[in-house]
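Engineer: Just a sequence and a predicted model for now, questions to come.
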Amino acid sequence: MKTISINNAEHYTWGEGCEGWHLLKGDDLSVIQERVPPGKFEVKHLHRKARQFFYILSGEATMVFRHERVTLTANQGIEIPPNTAHQFRNDSNADVVILVISCPKSHGDRESVLDETS
């Protein structure tokens, strides 16, 4: 068995200054650690198949839904069912470090949501 950390996992960047590490990269299950700098966010989107769980390791984040904003702090998480439009945001003044667990994997199963009523 091999231990996995951000020191030996596949690394990628996204957005402006955001980065992630594939801790587990399977078709049936994905575990990613991401770092999101202050003021950064992802495009509002949904996944048709993937069920996700976002878990905050450090910092404070906001998850935006159609009619709701949820603030999450360290040691808190939130489940995102399939077909749920969401946007992860870091509106704080410090980095946010999160785990994103997806079943099945969310890569290739992402649709941008432009209409705020979705």
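Structural biologist: Looks like it came in fine. Remember, predicted model here, so these are calculated numbers, not experimental data.

Engineer: what's the lowest-mean-pLDDT helix or strand in the chain in contact with?
Structural biologist: Taking mean pLDDT, DSSP states H and E as the measure, the helix or strand of the chain with the lowest value is strand 111-112, at a mean of 89. The contact list for strand 111-112 (CB atoms under 8 Å, 6 or more residues apart in numbering) reads 43-48. Just so you know, the C-beta spots here come from the backbone N, C-alpha and C atoms, and that holds for glycine as well.

Engineer: and if you look at stretch 79-92?
Structural biologist: Under CB under 8 Å, 6+ apart, the answer for stretch 79-92 is 36-54, 59-66, 96, 98, 113, 118.

Engineer: quick one: buried residues of that stretch?
Structural biologist: 80, 84-86, 88-90, 92 (16 or more other CB atoms under 10 Å).

Engineer: From the chain's centroid, how far away is it?
Structural biologist: Relative to the centre of its chain, stretch 79-92 is centred 7 Å away, using CA atoms, centre = their mean, to the nearest Å.

Engineer: rewinding a little: drop anything exposed from the contacts of strand 111-112.
Structural biologist: Counted by 16+ other CB under 10 Å, the contacts of strand 111-112 give 44-47 as buried.

Engineer: got the residues you listed as TSV, with pLDDT, distance to residue 73 and secondary structure columns?
Structural biologist: What follows is the buried ones among the contacts of strand 111-112, written out as TSV (pLDDT from 0 to 100; distance: CB to CB, whole Å; DSSP: H, G, I helix; E, B strand; the rest coil):
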residue	pLDDT	distance to residue 73	secondary structure
44	94	22	coil
45	93	23	strand
46	95	25	strand
47	93	24	coil
